[in-house]
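Asks: heads up, no residue letters with this:
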């Protein structure tokens with residue numbers, strides 16, 4: 001059972017990114033509803049999108065980086081910072097998609113000779129932490145290595161202490177879920193046990209307290225942006241409100257606008273580890289351009 005669930009954490013996270021692709025970074029939720037209706041299918045980005053060069057079933061630059069991490073772990077049999085960094089740099093050599101500021105700064109730092117562990121930007125975007133599902137799958141039975149590798153892969157591009165801590169937090173949540181805790185209990189207990197002196201504790205409380213409110217309204221209030229001080233509580237809200245409904249959690253993340261990919265990847269990872277992929281529409285998975293390759297890579301690390 002654990003083996004299926006840890007595989008699902010990766011697949012659901014990547015599906016979440018692809019689902020978000022078409023409407024990613026549209027902040028006007030009315031525009032999303034008008035242009036796309038209810039986003040319950042994979043979409044091709046619009047011509048004026050940040051991801052206009054991408055097609056339906058592909059990934060944002062977040063998902064592409066997660067795939068690189070998955071490839072690296074599958075190739076090495078473990079997390080290897082140097083290998084991941086080399087593959088990550090190769091991804092952005094002639095990349096056809098959007099290149100964000102965190103990536104530009106990290107590439108510049110690497111070009112100047114900084115080591116991968118030192119080269120990360122100071123970006124507070126959740127995206128750096130949202131890539132960690134391959135590590136959850138690989139190290140589901142080794143919490144110490146899981147948490148350290150989650151911190152290190154995040155630090156390579158997003159060397160902001162709270163983002164690094166956020167990666168550690170959600171990796172630990174998944175570890176608890178794979179051992180039988182429900183997501184809401186895992187989040188609440190972990191925050192109380194280990195994060196009372198961290199900003200994460202208050203963000204968790206905000207997310208938990210919003211359970212009964214509509215997601216579009218809540219995320220609009222918390223903030224739709226990439227920054228972790230806005231996105232973290234929104235992730236907790238989606239996990240809490242849709243603890244037993246992965247499909248709806250991912251749809252509502254997209255409908256709430258803004259950085260729906262960063263949120264969705266984290267939500268998909270957590271709820272995938274709990275529910276598996278049975279709640280995901282088959283066409284979401286089969287619609288991924290690289291479904292077969294992704295499944296093969298996941299099998300290698302599980």
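Replies: Great, that's in hand. The model shown is predicted, which means the values in this text are computed figures rather than measured ones.

Asks: residue 45 versus residue 189, what's the distance?
Replies: Counting by Cβ to Cβ, to the nearest Å, the separation of residue 189 from residue 45 is 39 Å. Where you see a C-beta, it was placed from the backbone N, CA and C, and this is true even at glycine.

Asks: now do the strands in the stretch 101-250 of the chain.
Replies: Counting by DSSP state E, counting those that start in this stretch, no segments of the stretch 101-250 of the chain form strands.

Asks: which stretches of it have low pLDDT?
Replies: Low-confidence segments of the stretch 101-250 of the chain, defined by pLDDT under 70, are absent.

Asks: please enumerate the helices of it.
Replies: When assigned using DSSP state H, counting those that start in this stretch, the helices of the stretch 101-250 of the chain occupy the ranges 101-111, 133-138, 143-155, 161-177, 183-194, 199-209, 215-222, 228-241, 246-255.

Asks: circling back to that earlier point, tell me which of residue 189 and residue 45 has more neighbours.
Replies: residue 45 (23 against 13; other Cβ atoms under 10 Å).

Asks: nearest residue to that one other than its sequence neighbours?
Replies: residue 51 (4.3 Å; Cβ to Cβ, 6 or more residues apart in numbering).

Asks: tell me the SS of the one you found?
Replies: Here residue 51 takes the coil state, with states given by DSSP: H, G, I helix; E, B strand; the rest coil.

Asks: that one against residue 97, yeah?
Replies: Yes: applying Cβ atoms under 8 Å as the test, residue 51 and residue 97 come out as touching, 6.1 Å apart.

Asks: ok, back up a step: tell me which of the helices of the stretch 101-250 of the chain is the most buried.
Replies: Mean neighbours per residue, mean count of other Cβ atoms under 10 Å, is largest over the helices of the stretch 101-250 of the chain for helix 133-138, with a mean of 29.

Asks: tabulate the helices of the stretch 101-250 of the chain (CSV), appending distance to residue 266.
Replies: Output for these, formatted as CSV (distance: least, Cβ to Cβ, whole Å):
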stretch, distance to residue 266
helix 101-111, 16
helix 133-138, 9
helix 143-155, 12
helix 161-177, 6
helix 183-194, 11
helix 199-209, 12
helix 215-222, 13
helix 228-241, 5
helix 246-255, 9
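
Asks: and residue 295, which of these is closest to it?
Replies: When those are ranked by proximity to residue 295, the top entry is helix 133-138, at 12.0 Å, counting by Cβ to Cβ.

Asks: tell me the helices and strands packed up against that closest one.
Replies: Where contact means 3 or more Cβ pairs under 8 Å, 6 or more residues apart in numbering; DSSP states H and E, helix 133-138 is packed against helix 2-21, helix 61-76, helix 143-155, helix 161-177, helix 260-275, helix 291-301.

Asks: after the longest one, next one along is what?
Replies: Next in sequence after helix 2-21, counting helices and strands by DSSP states H and E, comes helix 29-36.

Asks: same thing with the second one?
Replies: Following the chain from helix 61-76 toward its C-terminal end, the next helix or strand by DSSP H and E is helix 81-91.

Asks: show me what counts as buried in that next one.
Replies: 81, 83-85, 87-89, 91 (16 or more other Cβ atoms under 10 Å).

Asks: contacts only, for the residue nearest to residue 45.
Replies: By Cβ atoms under 8 Å, 6 or more residues apart in numbering, the contact set of residue 51 is 21, 24, 45, 60-61, 97-98.

Asks: neighbour-wise, give me the winner out of those.
Replies: Per-residue neighbour counts (other Cβ under 10 Å) across the contacts of residue 51 peak at residue 60, which has 29 neighbours.
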